[in-house]
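[1] need a 3D model of the following:
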Amino acid sequence: MADYLVVESGKATPIARYMDVDGFEEAIEGTIKLAEGGHETMAKLSIVSSALSKIDFGMLRKYVLPVIWSGTYDSLRSLQTNILMIGAMDFMDPYNFDLQRVERCVIHYAVPDGRLIPFCTMNTLHRSAVEGKFKMSYEEYRERQVST
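    Got it, this is the predicted structure:
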């Protein structure tokens, strides 16, 4: 389960207030059918048309288009800072560990050494080793932030 919040001026608003979620999902399904049918250009035009008609233009212009046009880290940072995903899933522990679910896991932790670790295995298999390798005090963290 997941949802998104748009965070502006300290206030969080459900993304459904900025877009027609059901309409956009239907449009995406139509776009997929076009692409699968070999109509890639029409599919691209369809997704742009759907975005313009189903998403509040102010939010689209402010957060999404800069990522598409410039592709800079600053534009991505703005999107990631102001569009917050909240997700929930069953917690796996050693007693209900499910390898098939791990194989389908699509959410990952990015670890400072460059590895991507599936969310589904982080707490059960990796957390203690990752925290042991990368932990630091608040003072050490602040010192690193000042020096960069």
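[2] ends of stretch 127-141, how far apart?
    19 Å (C-alpha to C-alpha, to the nearest Å).
[3] just checking: what are the partner strands of the lengthiest strand in the chain?
    Counting residues, the longest strand found in the chain (DSSP state E) is strand 2-8. If you go by DSSP bridges, strand 2-8 pairs up with strand 11-14 (antiparallel), strand 83-87 (antiparallel).
[4] what's the helix or strand for the closest residue to residue 64 other than its chain neighbours?
    Using C-beta to C-beta, 6 or more residues apart in numbering and skipping residues adjacent in sequence, the residue nearest residue 64 is residue 79, 6.9 Å away. Glycine gets a C-beta too; all of them are placed from N, C-alpha and C. Taking DSSP states H and E as the definition, one finds residue 79 inside helix 73-82.
[5] quick one, phi psi at residue 115?
    Comment: the main-chain dihedrals of residue 115 come out as phi -80, psi 150, following degrees, to the nearest 10.
[6] about what we covered before: so the residue nearest to residue 64 sits right up against residue 67, yeah?
    Yes. Using C-beta atoms under 8 Å, residue 79 makes contact with residue 67 at a distance of 5.4 Å.
[7] so the two - more neighbours on which side?
    Taking other C-beta atoms under 10 Å, residue 79 and residue 67 do not tie; residue 67 has more neighbours (17 against 14).
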